[in-house]
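> Next comes the sequence, and after it the predicted model I'd like to discuss.
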Amino acid sequence: MCGISGIFGEGPKRPRLDAMVACQQHRGPDASGVYASPDGVAGLSNNRLSIIDLSDRGRQPMSDSTGRYWIVLNGEIYNYLELRKQLSEHYAFRTGTDTEVLLAAYERWGEACLNRLIGMFAFAIWDEHTQTLFAARDRFGVKPLYYSQLPSGELAIASEIKALHAIGIRREPDPIMWATYLTYGLYDHSERTFWSDVKALAPGHALHWRDGSFQIQQWYDLAEQSGAALDTRPEREVMEEYRALLDESVRLRFRSDVPIGINLSGGLDSSILLGLVHSVQGAESQVSAFTFVTGDKRYDELHAVEQMLRRTRHPHHVCRLAPEEVADLALKVQSYQDEPFGGLPTLAYSKIFERARELGVVVLLDGQGHDEQWAGYDYYAAQLNGIQQGTMQPASGPVQGSHTRATRPECLIPEFRALADPFFAPSPFPDGLRNIQYRDTRYTKIPRALRFNDRISMMHGIELREPFMDHRLFELAFRQPEDRKILNGTHKLLLRKIAQHMLPATIVEPGKRPLQTPQREWLRGPLMGWAEACIERLVTEFGDGWIDTKSLRKHWQKFLEGREDNSFYIWQWVNLAIVAQTINEAPAALTINMLT
């Protein structure tokens, strides 16, 4: 796990590369390195969080033995040992790292090596002979990669947006992205970021650069790989295959030369993850478990966690988020996120990573991905029984467990609201359920969650591994018919059947709990004064160009009176005010810039 960066094209490299390294030090506190090509055309830099082969041999940028290829890698190639065995007769390995295995795989198979990788990754490889750059991002975008074309014609890439701003790229907000976010609740669904001059390389895409020009192409698509045909094999056969993949996925993610822990919420997915840890490591496993709480029994799942851990030897660490911490912590977290984030759950997550790092646990496993595979969210039930009827509607940021709209576009000035870019997700499958699952996996739920998780873990120098984000699990689950996912009101049906042999019945049977933190209650209660101050700041700084002040105050009052069952749009407003605190330009000037 690392932070990577690079600059390609004519121009001085070293001072700017050093600036990007300094900006991303939190991503790799163990070491850093810079490579500038002799002719000055290319430069690569790296911040290292040492996970595999902790020796100096594992430092990046790393070259092959001839000096032709140079690589920087962020992430992990989990099947690197299997690949290394295949490549050993063609390549003389000098390190024990997965980075060198990836470099050898690229030398041997070229860009086709991507299809052999099991992992989370964003990497860049510079070829000194052909003067070309090849960069790629993993199938689901677990690891980030941003790019920008400079006025000089150079191309700059980095793991985080702030590293691009650090070398002089304008910190100019993208008005279309902001309007789209506030109107539809969408973010991380396209190459757009919240900053005009910075783009995100999309999940499953690769970038080629040579002599001042670059191209981007898709190398992986879940819909294409899973196919339209449904799996008609007996249920037992599917369950056996899926369970075997689960075991292998967890086993691969225990490859580490540093301590590993597990995030344990008490819900079905993290409980399955704990059961798989026992399957892989045995009943004597002493992997540390971490759980966040808020002190609100309506949302905390500590009782379920304790039930899971009753007969195990796992050290358990409870990490509490208190209301009085939120204001300062939100500002700090925003400075690492660069873009709007997901509210109190992200802050609570931060407490886990902070505690893990204090205890020397450098890698944590997490249970992201099963809801999208097995239709775990409540709104999936509306997509049963074939193709969705009615007029196609633009995608929006869905809120689990809510019966009211996620956003309040009527609180925006009409001219600003008109800038919003409606997004219509592709429908590659013949049935409505899989199309919504695909939307959530590729464009809405998964991308934003992965971004939040990457930044909040790296904020504390922690590598987060998500075994259920293995592409083989997604492809198999996406081939399953509807009645293996939702039946008679029960979601994630086949997954629950698999879990019956691993978990207490009380964990397997309940439906999905929609909320993890009392964000709604805190914003109406102990955080009301802070939230109101943020909203007033919003009115002062953006009221002339973005915000319909009268409408916003009306909806804020309705929220305070308890007439709304979600707080997503309130958090949007609060978050925008927090973003304004983290930018260097005067907020009033930003408002004008966004509308011009």
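Arrived safely.
> My read is that E284 contacts R313, right?
Yes. Taking C-beta atoms under 8 Å as the definition, E284 is a contact partner of R313 at 6.3 Å. Bear in mind the C-beta positions are built from the backbone N, C-alpha and C, glycine included.
> Show me the residue at the heart of the protein, geometrically.
Within the chain, the residue whose C-alpha comes closest to the C-alpha centroid is L450; the distance, by C-alpha atoms, centre = their mean, is 1.1 Å.
> and the helix or strand harbouring it, which residues are buried?
Following DSSP states H and E, the helix or strand that holds L450 is helix 445-458. By neighbour count, with 16 or more other C-beta atoms under 10 Å as the criterion, the buried positions of helix 445-458 are 445-458.
> Could you do stretch 42-60 as well?
Neighbour count says stretch 42-60 has 42-53, 58-60 buried, by 16+ other C-beta under 10 Å.
> show me the contacts for E564.
By C-beta atoms under 8 Å, 6 or more residues apart in numbering, E564 lies in contact with 404, 555, 558.
> Please name the nearest non-neighbouring residue to P430.
A228 (5.8 Å; C-beta to C-beta, 6 or more residues apart in numbering).
> Would you agree the one you found falls within a strand?
No. The assignment for A228 is coil, going by DSSP: H, G, I helix; E, B strand; the rest coil, so no strand is present there.
> which residues touch it?
Neighbouring residues of A228 by C-beta under 8 Å, 6+ apart: 428-430.
> I'd like to know which of those residues is nearest to I583.
Proximity of the contacts of A228 to I583 was ranked by C-beta to C-beta; the top entry is P428 with 38.5 Å.
> Who are the contact partners of the nearest residue to that closest one once chain neighbours are set aside?
Of all residues beyond its chain neighbours, the one nearest P428 is A223 (3.8 Å), with distances taken as C-beta to C-beta, 6+ apart. Residues in contact with A223, defined by C-beta under 8 Å, 6+ apart, are 426, 428-429, 438, 478.
> Who are the packing partners of whichever strand or helix holds T183?
Assessed by DSSP H and E, T183 sits inside helix 175-184. Helices and strands touching helix 175-184, as assessed by 3 or more C-beta pairs under 8 Å, 6 or more residues apart in numbering; DSSP states H and E, comprise helix 414-417, helix 568-582, helix 587-594.
> Just the buried residues of it, please?
Applying a neighbour-count criterion of 16+ other C-beta under 10 Å, the buried positions in helix 175-184 are 175, 177-184.
> And the average pLDDT for that helix is what?
Helix 175-184 carries an average pLDDT of 97.
> now it against helix 568-582, angle please.
150 degrees (axes from the mean of the first three to the mean of the last three C-alpha atoms, to 10 degrees).
> Off-centre distance for helix 175-184?
With C-alpha atoms, centre = their mean, to the nearest Å as the basis, the distance from the averaged C-alpha position of helix 175-184 to the chain average is 20 Å.
> what's next to the next helix or strand after it, contact-wise?
The element immediately downstream of helix 175-184 (helix or strand, assigned by DSSP H and E) is strand 199-200. Strand 199-200 is touched from outside by 144-148, 188, 190-193, with contacts defined as C-beta under 8 Å, 6+ apart.
> again, 7 Å this time
146-148, 191, 193 (C-beta atoms under 7 Å, 6 or more residues apart in numbering).
> How far off centre is that strand?
Strand 199-200 has its average C-alpha position 14 Å from the chain's average C-alpha position, going by C-alpha atoms, centre = their mean.
> Show the subsequent helix or strand relative to it.
Next along the chain after strand 199-200, with elements defined by DSSP H and E, is strand 205-210.
> can you pull the buried residues of that next one?
Buried residues in strand 205-210, counted by 16+ other C-beta under 10 Å: 205-207, 209.
> closest to L538 among those?
Here the nearest of the buried residues of strand 205-210 to L538, counting by C-beta to C-beta, is H205; it sits at 34.7 Å.
> so how far is D470 from the closest residue to the closest one other than its chain neighbours?
For H205, the nearest residue in space outside its immediate sequence neighbours is Q218; the separation is 5.2 Å by C-beta to C-beta, 6+ apart. Distance of Q218 to D470, given as C-beta to C-beta, to the nearest Å: 20 Å.
> Can you pick out the residue with more neighbours from the two?
Neighbour tally, Q218 and D470, criterion other C-beta atoms under 10 Å: the higher count belongs to D470, 24 against 11.
> Can you say which two of the buried residues of helix 175-184 are spatially most distant?
When C-beta to C-beta is used, the two most widely separated members of those are P175 and Y184, lying 14.5 Å apart.
> just the helices in the stretch 401-550 of the chain please.
414-417, 432-442, 445-458, 471-478, 493-499, 505-508, 519-524, 528-542, 549-560 (DSSP state H, counting those that start in this stretch).
> Please parse this protein into its domains.
2-171+196-220, 224-375+410-508, 519-594 (automatic domain parsing).
> What pLDDT does the model give S396?
We have a pLDDT of 79 for S396.
> what sits against it?
When contacts are counted by C-beta under 7 Å, 6+ apart, S396 is found next to 184-186, 406.
> Please report which of these has the highest neighbour count.
Top of the contacts of S396 by neighbour count (other C-beta under 10 Å): L186, with 26 neighbours.
> gap between that one and F452?
In this structure, L186 lies at 15 Å from F452, with C-beta to C-beta as the measure.
> Check S45 too.
S45 sits 25 Å away from F452 when distances are taken as C-beta to C-beta.
> again with G212
Taken as C-beta to C-beta, the span from G212 to F452 is 35 Å.
> Now Y147: phi and psi?
Note on Y147: backbone dihedrals following degrees, to the nearest 10 are phi -150, psi 160.
> Go through stretch 246-266 and flag the buried ones.
Across stretch 246-266, burial judged by 16+ other C-beta under 10 Å covers 246, 248-255, 260-266.
> repeat for stretch 308-327
Counting neighbours by 16+ other C-beta under 10 Å, one finds that the buried residues in stretch 308-327 are 308-309, 312, 314, 317-319, 321, 323, 326-327.
> go on, stretch 30-39?
By neighbour count, and taking 16+ other C-beta under 10 Å as the criterion, the buried residues in stretch 30-39 are 30-36.
> What ranges in the stretch 301-450 of the chain fall below the confidence cut-off?
Low-confidence regions of the stretch 301-450 of the chain, defined here as pLDDT under 70, cover residues 385-392, 397-402.
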